[in-house]
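Undergrad: Let me see the structure of the following:
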Amino acid sequence: MTTRPLPRGLRNCNPCNIRLSRTKYQGEIQPSCDKTFKQFCSIDWGYRAAFVVLDHYSRNGYDTIRKIISRWAPPSENSTTAYINTICDATFHGPDEKIDTSDRDVMVTMVAAMSKVENGIPANIDDVVAGWELFQTHRP
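TA: Residues are numbered from 1 along each chain as shown. The predicted structure is shown next:
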């Protein structure tokens, strides 16, 4: 029996697949060995970075699931509508309902669902919560 390798996002400790950019995050490994996506020193730092990005989106007017996911996973690269529907189903929020990025329960559920979409396997909720706690204690 062969074991399947972990999905790329999990191998990179970047469970929401944040692309390489000039933005630097705490816990980021620099330079990344991946030519497309960032790498983090641990999965909780990768989840923290996702919370940072989503909080930044919200402060810049991307404050609904439709707006957030359309920015995160544009139709030119993804099945954005399916992604939006998955996040709505997980969070019990409508696509155009405002998201409060300070609401722990909503954000942990949302990021866990995003990780599942990005990696094809359910997120370890303890890791997502650890990322939230890092986000709360190490605010950008």
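Undergrad: you'd agree R8 is up against C16?
TA: No. Taking contacts as Cβ atoms under 8 Å, R8 lies outside contact range of C16: 11.7 Å. In short, each C-beta sits where N, CA and C put it, glycine included.
Undergrad: Those two: which is more packed in?
TA: C16 (25 against 14; other Cβ atoms under 10 Å).
Undergrad: so what's the more buried one up against?
TA: Neighbouring residues of C16 by Cβ atoms under 8 Å, 6 or more residues apart in numbering: G9, G46, Y47, A49, A50, V53, W72, V111, M114, S115, E118.
Undergrad: do the same with P5
TA: R11.
Undergrad: quick one: average pLDDT of the one helix or strand M107 maps to?
TA: In the assignment (DSSP states H and E), M107 maps to helix 104-119. Helix 104-119 carries an average pLDDT of 98.
Undergrad: What of stretch 31-46?
TA: The model assigns stretch 31-46 a mean pLDDT of 97.
Undergrad: List the buried residues of that stretch.
TA: D34, F37, K38, Q39, F40, I43, D44, W45, G46 (16 or more other Cβ atoms under 10 Å).
Undergrad: what's the most distant pair in those?
TA: Largest separation among these by Cβ to Cβ: D34 and D44, giving 18.6 Å.
Undergrad: All the strands of the protein, in order from the start?
TA: Using DSSP state E, the strands of the chain run over residues 28-29, 39-40.
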